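Asker: model the following, please.
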Amino acid sequence: MKRNLRRWGALGTAAVSLAGAMVVAGGATAAHAGTSCYTNSIFINDSPGGDPKQRAYGHSHNTGNHYVNGSLYDAARGLHKWFWMADNDGGSDGDTGDTFYGNSWCYSSAPPQPTSV
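Answerer: Below you'll find the predicted structure:
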């Protein structure tokens, strides 16, 4: 009986470890959508019927785009606060109003504002 309990305990520990590894792996891919201080040039509002298509600075991933909408400078801290938006491109009307996604404190100023293309 004790041996069976140990065996079940070991199996339970292995299952918890595997579940933890899956969470860590999932978190690593989800981190791609974070509010980092790095950007790429991307396009937002590219579905028909929505806002005009624009070039922006942010990142794209499977579930959408996030882009830097602006920044402010905090002289006391010597940092720039970048404001990230979620490009809610899609829906029955082709676009839904973009929403605030998060912010980050960065050493560099935010990239330029999005411009029409």
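
Asker: CA only for contacts and neighbour counts going forward, please
Answerer: Fine.

Asker: show me what G58 is bridged to.
Answerer: N40, Y67 (DSSP bridges).

Asker: please name the residues that touch it.
Answerer: By C-alpha atoms under 8 Å, 6 or more residues apart in numbering, G58 lies in contact with Y38, T39, N40, S41, I42, N65, H66, Y67, V68.

Asker: so where do the strands sit in the chain?
Answerer: 40-44, 54-61, 64-74, 79-87, 99-106, 115-116 (DSSP state E).

Asker: export these as a markdown table, with columns for distance to G34 and mean pLDDT.
Answerer: Rendered in a markdown table, the data for the strands of the chain read as follows (distance: least, C-alpha to C-alpha, whole Å; pLDDT from 0 to 100):
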| stretch | distance to G34 | mean pLDDT |
| --- | --- | --- |
| strand 40-44 | 13 | 89 |
| strand 54-61 | 9 | 89 |
| strand 64-74 | 9 | 90 |
| strand 79-87 | 9 | 93 |
| strand 99-106 | 8 | 92 |
| strand 115-116 | 23 | 56 |
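
Asker: and for D74, nearest residue in space, chain neighbours not counted?
Answerer: Distance criterion C-alpha to C-alpha, 6 or more residues apart in numbering; nearest residue to D74, sequence neighbours excluded, is H80 at 6.1 Å.

Asker: pretty sure the one you found is touching S71, no?
Answerer: Yes. Using C-alpha atoms under 8 Å, H80 is in contact with S71, at 6.3 Å.

Asker: now the common contact residues for the two.
Answerer: The contact sets of H80 and S71 overlap at S109, A110 (C-alpha under 8 Å, 6+ apart).

Asker: and G78, what does it touch?
Answerer: Residues counted as contacts of G78 (C-alpha under 8 Å, 6+ apart) are Y107.

Asker: quick one, grab the pLDDT at it.
Answerer: In this model, G78 is scored at 93, pLDDT.

Asker: and what of P48?
Answerer: 75.

Asker: give me the number of residues near it?
Answerer: Per other C-alpha atoms under 10 Å, the neighbour tally for P48 reads 13.
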